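Student: Next input, structure requested:
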Amino acid sequence: MSFFRKFKDKLTSPNARSSLQFSKSSFALGENAEATLAVSSEEEFDATEIRCEIQCVEEAKRTKYVHDPAVNREILKEVQESATLYSAKPNVSGPIHIGKGIQQSFSCNMNIPIGARPTFKSIDSSVAWTIIGVVAIDGRPDVVSPTVEIQVTAPSASPIIKEKEIIREVVMIPCKYCGALMPQTDTACPHCGARRT
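Tutor: Residues are numbered from 1 along each chain as shown. Okay, the predicted model is just below:
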């Protein structure tokens, strides 16, 4: 292999493609997002792993004091801030040899935590869930699928099932000996203990 070919390989990813397919576009918190990662290649290479990367990012506009070097003081400015609320990289395959002309699919199963935030978009802020497929290669740029944004919703409330109340009418009768009322179904008076006759 020539020096220029080796140099080019270090800067370019293999001639391969990867894409993600989902069974549905919306998932609830606590649910598993199942996807199929399809990999096709026009070049032979060794991959260190094949994985999916899922992350939840919150972006929001904030007003805060920022140092402005032009006036050499702090000024109030609207800035866009972002924070990663959740991130995971589930592995779907370990080291694998990718042959020329190969077309292979891998199943990827990603859990969306029940305590995470659902998808949300407003004028000032947003919460977005994105997933990519990655074919990782040592010494070369990875083969990365296009980013897929999924909708994550709050879990639906489970229906409340009320137990049926059984109302029975109990007929009360007076005790022959003490006169206190007792249920007709009792065989002895609960007050004096005399047996019902």
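Student: How many residues are close by Gly101?
Tutor: Neighbour count for Gly101, taken as other CB atoms under 10 Å: 9. C-beta: built from backbone N, CA, C; applies to glycine.
Student: Can you tell me the element it falls in?
Tutor: Assigning secondary structure by DSSP states H and E places Gly101 outside every helix and strand.
Student: and what of the one 3 residues further on?
Tutor: Per DSSP H and E: Gln104 is located in strand 103-111.
Student: Show me what the helix or strand just after that strand is packed against.
Tutor: Next in sequence after strand 103-111, counting helices and strands by DSSP H and E, comes strand 120-121. Under the contact criterion of 3 or more CB pairs under 8 Å, 6 or more residues apart in numbering; DSSP states H and E, strand 120-121 touches strand 125-136.
Student: Centre of the chain to the strand it packs on, how far?
Tutor: 12 Å (CA atoms, centre = their mean, to the nearest Å).
Student: which residue is nearest the centroid of the chain?
Tutor: For the chain, Ile112 is the residue whose C-alpha lies nearest the centre (CA atoms, centre = their mean; 1.5 Å).
Student: what's near enough to touch it?
Tutor: Each residue near Ile112 by CB atoms under 8 Å, 6 or more residues apart in numbering is listed here: 27-33, 54, 129, 152.
Student: Please name the strands paired to the strand holding Gln104 in the sheet, noting orientation.
Tutor: strand 32-41 (antiparallel) (DSSP bridges).
Student: which outside residues touch the strand it pairs with?
Tutor: By CB under 8 Å, 6+ apart, the list of residues contacting strand 32-41 reads 14-23, 27, 50, 52, 54, 92, 98-112, 131, 133, 135, 143, 145, 148, 150.
Student: what pLDDT, on average, does it get?
Tutor: When pLDDT is averaged over strand 32-41, the result is 91.
Student: Report the buried residues of it.
Tutor: 33, 35, 37-41 (16 or more other CB atoms under 10 Å).
Student: lowest confidence element among the helices and strands of this structure?
Tutor: helix 3-11 (a mean of 58; mean pLDDT, DSSP states H and E).
Student: Look up the closest residue to Pro183, ignoring the ones flanking it.
Tutor: Among residues not flanking Pro183 along the chain, Val170 sits closest, at 5.1 Å (CB to CB, 6 or more residues apart in numbering).
Student: My read is that the one you found contacts Gln184, right?
Tutor: Yes. Val170 sits in contact with Gln184 when judged by CB atoms under 8 Å, with a separation of 7.2 Å.
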